[in-house]
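> Generate a structure from the sequence data that follows.
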Amino acid sequence: MQKRREKYLVDSVDLFSLRNRNETRVAECMREILDGMKDEFFSDKALQDIYAYALNQLPARYAQTGTIVLNDPVRASAIRKVVRAAFDLVLKNPKD
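Okay, here's the model as predicted:
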């Protein structure tokens, strides 16, 4: 873990905690959609593909720890739509 964090050091400033706010929003939406898809199985790789694809369709919303966000231009409905499309894409194009 320490080695990985070192990649985020710039002039002794630790940038590791700077995150795209949509990461947790996409993961939460994925959990909700998976709950409704009990008959489907998704491998670890498939879930990672869904996560990456969905994030790449959304604008990045980076913030550091402790940042106050007054509004979020990406609506929950837009995230659901993108995540749903990612699930559909992976279902239509399964990888071994």
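> Number of residues surrounding Ile50?
24 (other Cβ atoms under 10 Å). (Each C-beta comes from the backbone N, C-alpha and C, glycine too.)
> isn't it right up against Arg31?
No: using Cβ atoms under 8 Å, Ile50 is not in contact with Arg31; the gap is 11.5 Å.
> And the helices in this structure, which stretches?
Secondary structure of the chain (DSSP state H): helices located at 2-6, 22-35, 44-57, 76-92.
> Kindly provide the distance from the residue nearest in space to the middle of the chain to Asn93.
Nearest to the mean C-alpha position of the chain, by Cα atoms, centre = their mean, lies Glu23 at 3.4 Å. Distance of Glu23 to Asn93, computed by Cβ to Cβ, to the nearest Å: 23 Å.
> repeat for Val69
Applying Cβ to Cβ to Val69 and Asn93 gives a distance of 35 Å.
> now swap in Thr24 and tell me
Per Cβ to Cβ, Thr24 is found 26 Å from Asn93.
> still on that earlier bit, please name whichever of the helices of the chain is nearest to Phe16.
helix 2-6 (5.0 Å; Cβ to Cβ).
> mean confidence score for the closest one?
Averaging pLDDT along helix 2-6 yields 78.
> do the same with stretch 24-44
Rounded mean pLDDT across stretch 24-44 is 93.
> Can you add distance to Phe16 and give the helices of the chain back as CSV?
Output for these, formatted as CSV (distance: least, Cβ to Cβ, whole Å):
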stretch, distance to Phe16
helix 2-6, 5
helix 22-35, 14
helix 44-57, 18
helix 76-92, 24
